[in-house]
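S.K.: can't give you the sequence, but here's the structure:
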């Protein structure tokens, strides 16, 4: 077999990192008065090239590089393509959403692509120390982006809460890594899978699993680790929320799949019931809290918590079925969630003067295209047929039924009906004909959304992805099943021959 250069195993990450460095260098070289918006196009072009490089990695033989710390497989390529696609749409949205002379605009684009480096690396890492480094690269970028609107009180508040709680959760993950190293003598995922069942101290193994789950479930905003989500969603700029609510979660769910299905498959009898409970809590708490919200972004934040529960229902599936269902749901949720936050960005503006549900009254009449797109994405979030949300929930609940968790699927269906109440409330408000006399006799002057070429491209990509996943989901499902197969059967080249755990430690 031809030896593949190690650099090819991380080619998308290298391209993204170089793009960020180029943006920073150019930004520092330009006079202060010059606009920085063209730097966003450099980031978009670099992300597009990284997306192409991810597709090209499918031609490589499965295997690992850099001393079995990162791998290339259908699983890693699936999530690389997904993350690069999300980042590209977020960049296109930011190009028109950010005001022309926003402070440090070049750094904004650089942080997005640097964050994408960590997210992509997180999905391909098969060494827990690399997982930790990738998570920190991703998290530090998103902490800064969450507080980008420093002129508002909510921006710094969102960043501080996200940073403090995120650091606390990361400490749980790191402590779990330390415990599993103490139990097995290695931090290589495939070696842990081989050695953990026979480890002398199973208490350490169980504690490691519990602590790692805490760290990962925080990143996906599952209950009871969700308290940061509404405040961060409300305080961060909408283009940033479009990114935060999808790409880091996709990377975190990829890590969760790898941890439970690949590293601790022998502990399924423990982690499956635990994730069952977390899924039910996330669905129920998220939907009940969303019913009470008047702020659109806070409503969508609690909706995201509920969708984390729908996705976790797929983990009740056996083997490849559960992995494929979860992977497909991640793709479907990313498409429709990026799309709806693109609409929110255009309607509310960068400073979000129109943030309440009542501010969307008559949107279909004020802006027919944006109003129609808002309704389309809301219907997809409900799970209406011919949208990506329908097949996402269908495959997730089917996997749960196949794994014997029939009650979980029923609870999920009931929660989907509950969620329809607050989604349809916004649909009805947007479709209502605005009265000519509002606000005590004064007609409300709604700003006209500025829709540029970049935003049009972002909306087109989100709509196309949602429709494709809802009408012809076969190709994406096949890719998800291929990813599941490689995760269930790791390439032997990635597993170095080790017989004594102590030898790994040495």
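M.R.: Now that the structure is in, tell me what you want to look at. Because the structure is a prediction, the values reported are computed rather than measured. Residues are numbered from 1 along each chain as shown.
S.K.: for the residue lying closest to residue 253 once chain neighbours are set aside, what are its contacts?
M.R.: Leaving aside its sequence neighbours, residue 253 sits nearest to residue 330 (C-beta to C-beta, 6 or more residues apart in numbering; 5.4 Å). No exception for glycine: its C-beta is placed from N, CA and C like everyone else's. Neighbouring residues of residue 330 by C-beta atoms under 8 Å, 6 or more residues apart in numbering: 82, 249-250, 253-254, 311.
S.K.: at 7 Å instead, please
M.R.: Applying C-beta atoms under 7 Å, 6 or more residues apart in numbering, we find residue 330 in contact with 82, 250, 253, 311.
S.K.: Please apply the same query to residue 382.
M.R.: 389, 419-420, 423.
S.K.: quick one: the closest residue in space to residue 200 that isn't next to it in sequence and residue 310, what's the gap?
M.R.: Distances taken as C-beta to C-beta, 6+ apart place residue 183 nearest to residue 200, at 7.9 Å, with adjacent residues excluded. Taking C-beta to C-beta, to the nearest Å as the measure, residue 183 falls 33 Å from residue 310.
S.K.: Could you check which of those two is surrounded by more residues?
M.R.: Using other C-beta atoms under 10 Å as the criterion, residue 183 and residue 310 rank with residue 310 on top: 26 against 22.
S.K.: Which SSE is immediately downstream of the strand or helix carrying that one?
M.R.: In this assignment (DSSP states H and E), residue 310 forms part of helix 296-313. As assigned by DSSP H and E, the chain's next helix or strand after helix 296-313 is helix 320-348.
S.K.: pLDDT of the helix or strand following that following helix, averaged?
M.R.: Along the chain past helix 320-348, the next helix or strand (assigned with DSSP H and E) turns out to be helix 363-366. Per-residue pLDDT over helix 363-366 has a mean of 88.
S.K.: who's in contact with helix 363-366?
M.R.: In this structure, residues lying in contact with helix 363-366 by C-beta under 7 Å, 6+ apart are 347, 370-372, 374, 430-431, 433-434, 446.
S.K.: will you turn those into TSV that also has pLDDT?
M.R.: Converted to TSV, the contacts of helix 363-366 look like this (pLDDT from 0 to 100):
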residue	pLDDT
347	87
370	90
371	91
372	93
374	94
430	91
431	90
433	80
434	71
446	62
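S.K.: Of those residues, grab the buried ones for ChimeraX.
M.R.: In ChimeraX, this line selects whichever of these come out buried by 16 or more other C-beta atoms under 10 Å:
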select :347,370,371,374,430,431,446
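S.K.: List phi and psi for residue 33.
M.R.: Backbone torsions of residue 33, given as degrees, to the nearest 10, read phi -80, psi -10.
S.K.: ok, now how distant is it from residue 100?
M.R.: 12 Å.
S.K.: what do you get for residue 350?
M.R.: Following C-beta to C-beta, the distance that separates residue 350 from residue 100 is 11 Å.
S.K.: Looking at these two, which is more packed in?
M.R.: residue 350 (16 against 8).
S.K.: Residue 464: neighbouring residues, count only.
M.R.: Neighbour tally, residue 464, other C-beta under 10 Å: 12.
S.K.: what about it, distance to residue 386?
M.R.: 14 Å.
S.K.: so who does the residue nearest to residue 37 when sequence neighbours are not counted touch?
M.R.: Closest residue to residue 37 apart from its sequence neighbours, by C-beta to C-beta, 6+ apart: residue 95 at 6.3 Å. When contacts are counted by C-beta under 7 Å, 6+ apart, residue 95 touches 37, 40, 454.
S.K.: separation between residue 398 and residue 328?
M.R.: Distance of residue 398 to residue 328, computed by C-beta to C-beta: 11 Å.
S.K.: got any ranges where this structure has weak pLDDT?
M.R.: Scanning the chain for pLDDT under 70 picks out 1-2, 101-103, 435-450, 488-506.
S.K.: Kindly list the longest helix within it.
M.R.: Counting residues, the longest helix found in the chain (DSSP state H) is helix 154-184.
S.K.: re earlier: my guess is the residue nearest to residue 200 meets residue 203, correct?
M.R.: No - counting by C-beta atoms under 7 Å, residue 203 is not a contact partner of residue 183; they are 8.4 Å apart.
S.K.: how near is residue 88 to residue 453?
M.R.: Computed as C-beta to C-beta, the residue 88 to residue 453 distance reads 14 Å.
S.K.: These two: who's more crowded?
M.R.: More neighbours surround residue 88 than the other of residue 88 and residue 453, with 24 against 10 (other C-beta under 10 Å).
S.K.: Report the contact partners of the more buried one.
M.R.: For residue 88, the contacting residues are 44, 47-48, 51, by C-beta under 7 Å, 6+ apart.
S.K.: switch the cut-off to 10 Å
M.R.: By C-beta atoms under 10 Å, 6 or more residues apart in numbering, the residues touching residue 88 are 43-48, 50-51, 112, 116, 338, 457-458, 461.
S.K.: Dump those residues to CSV, plus secondary structure.
M.R.: What follows is the contacts of residue 88, written out as CSV (DSSP: H, G, I helix; E, B strand; the rest coil):
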residue, secondary structure
43, helix
44, helix
45, helix
46, helix
47, helix
48, helix
50, helix
51, helix
112, helix
116, helix
338, helix
457, helix
458, helix
461, helix
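S.K.: Which one (most neighbours) among the residues you listed?
M.R.: For the contacts of residue 88, the largest number of neighbours (other C-beta under 10 Å) sits with residue 116, at 36 neighbours.
S.K.: That one against residue 20, yeah?
M.R.: Yes - under the criterion of C-beta atoms under 10 Å, residue 116 makes contact with residue 20 at 8.6 Å.
S.K.: so what sits against both of these two?
M.R.: In contact with both residue 116 and residue 20: 43, 46, 141, using C-beta under 10 Å, 6+ apart.
S.K.: Which other helices and strands does the helix or strand hosting residue 110 contact?
M.R.: In this assignment (DSSP H and E), residue 110 forms part of helix 105-124. Using 3 or more C-beta pairs under 10 Å, 6 or more residues apart in numbering; DSSP states H and E, the elements in contact with helix 105-124 are helix 11-29, helix 37-56, strand 70-72, helix 74-97, helix 128-146, helix 238-244, helix 247-257.
S.K.: Am I right that residue 384 sits in a strand?
M.R.: No - counting by three-state DSSP, residue 384 is not found in a strand; it is coil.
S.K.: any idea how far it is from residue 423?
M.R.: Taken as C-beta to C-beta, the span from residue 384 to residue 423 is 10 Å.
S.K.: that older thread, between residue 398 and residue 328, which contacts overlap?
M.R.: Listed contacts common to residue 398 and residue 328 are 314, 391; contacts here mean C-beta under 10 Å, 6+ apart.
S.K.: So between those two, which is more surrounded?
M.R.: A count of neighbours by other C-beta under 10 Å puts residue 328 above the other of residue 398 and residue 328, at 29 against 17.
S.K.: list the contacts for the more buried one?
M.R.: Going by C-beta under 10 Å, 6+ apart, residue 328 touches 78, 311, 314, 388, 391-392, 394-396, 399, 469, 473, 476-477, 479-481, 483-484.
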